[in-house]
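Student: got a sequence here, can you build the structure:
(chains A and B)
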Amino acid sequence: MLQILKNRILKGVLTRDIEPAFSGAIETAGMELRSLIRKRFGRSLHIRQLDTGSCGACESEIISANNPIYDLQRFGVNFVASPRHADALLVTGPVSKNMFIALKKTYEAMPEPKFVITCGDCALNGGPFKDSYYVCGAVKDILPVVLHIPGCPPSPLQIISALNAFLQNT
Amino acid sequence: MVCSEVIAGIKNIFGAFEALSAAQIYADEIRIKIEARFFKGTCLALHRMFSSPVMMLFASDERKDAGKFVVNCVFVNLKKCQWVIVSMDIPQEAAYFDSLAKSIYSSSLFEREIWEMFGIEPKGSPDLRRLRLHDEVWPKENYPLRKDFQKMKAGGLSDYKFDRVEGDGVFEVPVGPVHAGIIGPGHFRFSVAGEPIINLETRLGFSHRGVEKLFEGKSVFEAVRLSECVSGDASFAHSLAFAQAAEKISGVLTPKQAAYLRGIFLELERMHNHVNDIGGMAVDVGFSFPSAYASVIKEGILHLNKKLSANRYLKNINTVGGVSVNLDKDKQRMLLDSLKYIKKDFNQLIRILYSSVSFMDRIDTTGALRRKTAEDLGVVGLIGRASGIHADLREYFPAVHMVYKEARFKMATEESGDVLARLKLRIAEFNESIRLIEEFTGRLIEGREINIHPELKKGSALGYAEGWRGPVLYWLEIDASGLIRRCKIVDPSFLNWQGLSYAVLGNIIPDFPLCNKSFNLSYSGGDL
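Tutor: So this is what the prediction gives:
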């Protein structure tokens, strides 16, 4: 416990620790995001992430967006464990045939109103895997997708900015 | 060890053995061609001689040119730093071979893979259920890795049959493929009586994307980028193994400067993944402060990666013939400075974890994988080392990882095989990685060339790299115009998933996430 307290005091607030300019960018984008979420979702936006065959890099970046440096949660974005709790479905990966049913079922399990976001180049059109015999193709042909976050993988800041831009325009 | 010694060794154990041909194609690769009837005996002999699991067992389709399939089986002789590859021809009219699975367990998954992908039957195999092409969506008799496969033909679908544990009070807990966290897809079926798990069956393949087929027909320069997408958290190890296979075929000697740089990036990848897993173990027992602390260290390393190479996951660095990113004096200084901070933070993190009695109590003796089980299953890499298997390609293969010998790399191992052992091993490897990077950086000389353009020729070779999970293996075969004919990938996760099923036995389901995180295997790397 003493170790924790000591580190807590010495480290200070990490959410603005990397580089002043960079932290500034996170802060500005994030605060904007928070006010938009307040306006449109009451208090917070709940996202369920679904991997349909991604290589794992997108997941790693989404997890990174939740670390104390970016701390997406403080802007009102929560990642939830069940589709039943979610407003949005965040899909990564080219849709593998084996995940086709799971993708549809996860979407069906979500309560209305709901929307789908794709994350990473694979989810847009299959990316490097688009010619494969086992890939069903773009998520947008299967479910109604309203936002795509490009990148291979998109960095946490790109994820925050893309959410921001989207909420501004809807 | 030269060819004749290996052959004499096999004859000693398996008297009837005769080789059609044997050659030492590269310093670290011996190839033995045999008739199909000697295949099983030869493999058993090599398995005993080198106490090596089946590292790779794969087929390739040469029906168009020669009317046959070829099956290769790869063993490793760690002491002599050599790979021994046994190959046999299988005529297309009689597409079957003797299964090894009952004698060498580690071949079982590979045999199932050959059966589903090529339709070559391992006769006598106890289990021929498909791994990746799920019966519910992929009709029978569609073999995608055959060269003449064009499109899936419609046909009958069926269901997958799970093993059943029956008896009073036994119940099943199915989990997945969609899990609660931000994680890949896989299905776990626990059979439980009371609290302890009595059986765990893992069904994977959910992130199968047909990667091996996609490699075919691509040029090696294009394909090296694809290899980075096989397993996103080990993209550098994958592209390194791929590049090394292509370099071996072309005969190009990569510059020493490139070898140091590859060492630096390979260790950086190891560091950010190890610290991520240490944090993951903490979060899976609900100990959130150290997990947040670990994620800050991880972010620091990713940010450092970006500053050094313009990519957080070290993509676009490896090329066939070297690397494309050099580190000038400023970057070197930044790297060394950052390592100092990282080291300090990391030591704090470990102190926090070690000073929590409840955390240590929870991970001690949990999820133990015994050495004998690990050896039988063919478990490799970090998980194997935590169970007392002394195998690390960085230690044994200085031919490729030559710079590791220079830096006096020391392999870390543990004996107990539990979650604590895997934690300790990660800590030891993290610290060793910092030391190695400092050594490599000190040896960089400015102005040296970092890549050579290779002249490609027809041939095949095995490329390998010790990634953070363990050995990543690439078998590569290219034709005269430099296009890939066959690329077989083995990620360490493929065999290690089996280890997880045994490690959790006798533990309670709430400890499964902890065991799983301590393994942290790749879904995409195993499913390809």
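
Student: whichever strand or helix holds residue B:495 and chain A, are they touching?
Tutor: Assessed by DSSP states H and E, residue B:495 sits inside helix B:492-503. No. Using Cβ under 8 Å from any Cβ of the partner chain, helix B:492-503 stays clear of chain A, with a minimum separation of 10.5 Å. Placement of C-beta: from N, CA and C, glycine included.

Student: so what does that helix touch, helix or strand wise?
Tutor: Helix B:492-503 is packed against helix B:108-118, strand B:197-203, helix B:371-377, helix B:381-386, helix B:512-519, helix B:523-527, with contacts defined by 3 or more Cβ pairs under 8 Å, 6 or more residues apart in numbering or on different chains; DSSP states H and E.

Student: what's the average pLDDT for it?
Tutor: Confidence over helix B:492-503 (mean pLDDT, whole number) is 91.

Student: tilt between that helix and helix B:512-519?
Tutor: Angle, helix B:492-503 to helix B:512-519, by axes from the mean of the first three to the mean of the last three Cα atoms, to 10 degrees: 140 degrees.

Student: list the contacts of helix B:492-503.
Tutor: With contact meaning Cβ atoms under 8 Å, 6 or more residues apart in numbering or on different chains, helix B:492-503 is reached by B:53, B:106, B:109, B:200-202, B:204, B:231, B:367-369, B:373-374, B:377-384, B:417, B:467, B:469-472, B:515-516, B:519, B:521-523, B:525-526.

Student: circling back: and the helices and strands packed on helix B:492-503 as a markdown table, adding mean pLDDT?
Tutor: As requested, the helices and strands packed on helix B:492-503 are arranged in a markdown table below (pLDDT from 0 to 100):
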| stretch | mean pLDDT |
| --- | --- |
| helix B:108-118 | 92 |
| strand B:197-203 | 91 |
| helix B:371-377 | 91 |
| helix B:381-386 | 92 |
| helix B:512-519 | 90 |
| helix B:523-527 | 90 |
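
Student: quick one: which of those is nearest chain A?
Tutor: Closest to chain A of the helices and strands packed on helix B:492-503 is helix B:523-527 (Cβ to the nearest Cβ; 4.7 Å).

Student: other residues contacting the closest one?
Tutor: Contacts of helix B:523-527 (Cβ under 8 Å, 6+ apart): A:51, A:53-56, A:96, B:132, B:183-186, B:204-209, B:230-232, B:234, B:238, B:469, B:491-494, B:497.

Student: and for the residue of the stretch 301-450 of chain B found nearest chain A, the neighbour number?
Tutor: Minimum separation of the stretch 301-450 of chain B from chain A (Cβ to the nearest Cβ) falls at residue B:352, amounting to 4.6 Å. Neighbourhood size, residue B:352 [other Cβ atoms under 10 Å in any protein chain shown]: 22.

Student: does it touch residue A:4 like I think?
Tutor: Yes. Here residue B:352 reaches residue A:4: they are 5.9 Å apart, a contact under Cβ atoms under 8 Å.

Student: now the common contact residues for the two.
Tutor: Residues touching both residue B:352 and residue A:4 (Cβ under 8 Å, 6+ apart): B:289-290.

Student: in chain A, what residue comes closest to chain B?
Tutor: For chain A, Cβ to the nearest Cβ, closest residue to chain B: residue A:57, 2.9 Å.

Student: skip the chain neighbours and tell me the closest residue to that residue.
Tutor: Of all residues not flanking residue A:57 in the chain, residue B:232 sits nearest, at 2.9 Å (Cβ to Cβ, 6 or more residues apart in numbering or on different chains).

Student: per-residue pLDDT of that neighbour, please?
Tutor: In the predicted model, residue B:232 carries a pLDDT score of 88.

Student: do I have it right that it meets residue A:61?
Tutor: No. Counting by Cβ under 8 Å, residue A:61 is not a contact partner of residue B:232; they are 9.2 Å apart.

Student: residues near residue B:445, how many?
Tutor: Counted with other Cβ under 10 Å, residue B:445 comes out at 8.

Student: which helix or strand contains the nearest residue in space to it that is not next to it in sequence?
Tutor: Leaving out its chain neighbours, the residue that sits closest to residue B:445 by Cβ to Cβ, 6+ apart is residue B:257, at 6.7 Å. Using DSSP H and E, residue B:257 sits in helix B:256-283.
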